[in-house]
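**Q** Kindly generate the corresponding structure for this input.
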Amino acid sequence: MSSLLALALLDGLVYGSLLFLVAVGLTLVFGVLRILNIAHGSFYALGAYLGVVLGLAAAQALGSPWFSYPALLLAAILVGGFFGPVVERFILRWAYDRPEALQLLITFSLFLILEDVQKLLFGVQPYFLDMPFRLLGTVELGGVPYAWYQLLLILVATLVLLSLRVLLRGTPLGKILMAVVADREMAQALGVDARRIYLIAFSLGTGLAALGGALASPTVTIAPGLGAEAIVLSFAVVAVGGLGQIEGAAIGALLIGLGRSLAVYLLPELDVVVPYLVMVLVLLFRPVGIFGSVEVRRI
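**A** This next block holds a predicted model:
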């Protein structure tokens with residue numbers, strides 16, 4: 001029983017790590033731009049599709065499956081570096097001062113468009129890239145073989161969390177970003193280019209979503225609808241942790257990951273609903289999330 005529980009906790013950490021990589025981009029974008037980006041799940045799916053395509057192409061062209069690993073990172077950089085600036089500059093920038101309902105409609109429309117773009121580019125057949133998963137081999141934990149690649153995901157998520165903390169609290173760019181979040185008008189009066197900060201934050205959030213998709217591609221089948229599932233779970237994570245809170249995204253992803261994993265092992269019939277049960281329980285006692293706080297808004 002103890003070994004089964006240990007495996008369930010490990011599975012929860014792995015699943016929570018993937019959720020964190022997607023949700024932290026969503027909460028970062030909201031924290032800076034104050035826009036809840038429904039299209040965020042589409043960037044996750046694009047990262048997954050591009051990771052598979054580039055991983056297979058790199059392994060075939062360069063003659064070694066080990067080149068599939070940098071291909072996954074390249075996929076995230078390409079999605080964040082291209083789609084992030086384009087979407088922010090030509091779509092979201094127009095929506096910043098619009099009503100929140102209109103912002104949601106705009107990002108939802110973008111989500112639908114990107115879902116169709118994925119089908120046009122990649123078709124509707126499932127994609128799968130298993131080379132990165134197989135190459136690292138397995139390790140026995142409690143008599144059960146466990147893939148090293150899944151343990152690597154925990155390390156990557158931890159590094160992303162620490163890197164974001166250092167960026168936001170220990171660099172000039174992070175301090176400028178926090179100043180824009182606290183008071184955009186005052187920051188602009190002091191000479192800060194808020195539009196440039198918005199562009200950087202949105203591109204970074206988009207890249208994180210794509211990184212989550214690219215790293216998940218060796219563990220799941222990539223097919224239409226992947227982005228919708230990702231955005232729903234990401235919303236659950238940021239609701240639990242608190243909108244705009246980096247540490248909250250980590251705690252929310254951990255709680256939902258562990259809850260779903262324990263359900264798979266102990267109560268499989270509750271597997272699908274556990275993330276939302278966790279969200280409801282947290283919001284009953286903390287309507288703004290675990291790390292969230294009530295904000296005073298100027299009218």
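
**Q** Quick one: the helices in this structure, in order.
**A** 2-33, 40-62, 68-87, 93-95, 100-122, 131-135, 148-170, 172-182, 184-189, 194-216, 226-241, 246-266, 274-285 (DSSP state H).

**Q** Take those helices and write them to a markdown table, including mean neighbour count.
**A** Where you see a C-beta, it was placed from the backbone N, CA and C, and this is true even at glycine. What follows is the helices of the chain, written out as a markdown table (neighbours: other CB atoms under 10 Å):
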| stretch | mean neighbour count |
| --- | --- |
| helix 2-33 | 23 |
| helix 40-62 | 24 |
| helix 68-87 | 20 |
| helix 93-95 | 14 |
| helix 100-122 | 15 |
| helix 131-135 | 18 |
| helix 148-170 | 15 |
| helix 172-182 | 15 |
| helix 184-189 | 14 |
| helix 194-216 | 25 |
| helix 226-241 | 24 |
| helix 246-266 | 22 |
| helix 274-285 | 16 |
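
**Q** Ends of stretch 217-234, what's the gap?
**A** Chord length of stretch 217-234, first to last residue, is 17 Å (CA to CA, to the nearest Å).

**Q** Next, the contact list for residue 222, please.
**A** 45, 48-49, 52, 126-128 (CB atoms under 8 Å, 6 or more residues apart in numbering).

**Q** Out of the helices of the chain, the one nearest residue 291 is which?
**A** The closest of these to residue 291 is helix 246-266. By CB to CB, the value is 3.5 Å.

**Q** Return the list of helices and strands in contact with the closest one.
**A** helix 2-33, helix 148-170, helix 226-241, helix 274-285 (3 or more CB pairs under 8 Å, 6 or more residues apart in numbering; DSSP states H and E).

**Q** Show me what the second one is packed up against.
**A** Looking back up the chat, that one is helix 148-170. When contacts are defined as 3+ CB pairs under 8 Å, 6+ apart, helix 148-170 sits against helix 2-33, helix 131-135, strand 138-141, helix 172-182, helix 194-216, helix 246-266.

**Q** switch to 7 Å and redo it
**A** Helices and strands touching helix 148-170, as assessed by 3 or more CB pairs under 7 Å, 6 or more residues apart in numbering; DSSP states H and E, comprise helix 2-33, helix 172-182, helix 246-266.

**Q** can you tell which of the ones you listed is closest to residue 164?
**A** helix 246-266 (5.4 Å).

**Q** If I take that closest one and helix 274-285, what angle do their directions form?
**A** 130 degrees (axes from the mean of the first three to the mean of the last three CA atoms, to 10 degrees).

**Q** Tell me which residues are up against helix 246-266.
**A** Residues outside helix 246-266 that contact it (CB atoms under 7 Å, 6 or more residues apart in numbering): 4, 8-9, 11-13, 15-16, 19-20, 23-24, 27-28, 161, 164-165, 236-238, 240-242, 270-271, 274-275, 278, 289-292.

**Q** ditto for stretch 127-140
**A** The contact list for stretch 127-140 (CB under 7 Å, 6+ apart) reads 49, 51-52, 55-56, 59, 65-66, 68-69, 72, 145-149, 152, 217-219, 221-222.

**Q** How far does it stretch from one end to the other?
**A** Start and end residues of stretch 127-140 are separated by 29 Å (CA to CA).

**Q** What mean pLDDT does it get?
**A** Across stretch 127-140, the average pLDDT comes to 87.

**Q** Then stretch 186-203?
**A** Mean predicted confidence for stretch 186-203 is 88.

**Q** Now find how far off-centre it is within its chain.
**A** Stretch 186-203 has its C-alpha centroid displaced from the chain centroid by 23 Å (CA atoms, centre = their mean, to the nearest Å).

**Q** before we move on, what about stretch 47-60?
**A** Mean-position distance between stretch 47-60 and its chain equals 19 Å (CA atoms, centre = their mean).

**Q** Where does pLDDT dip in the chain?
**A** Within the chain, the set of residues satisfying pLDDT under 70 comprises 1-3, 142, 293-299.

**Q** starting at the chain centroid, how far to stretch 86-106?
**A** Distance, centroid of stretch 86-106 to centroid of chain: 20 Å (CA atoms, centre = their mean).
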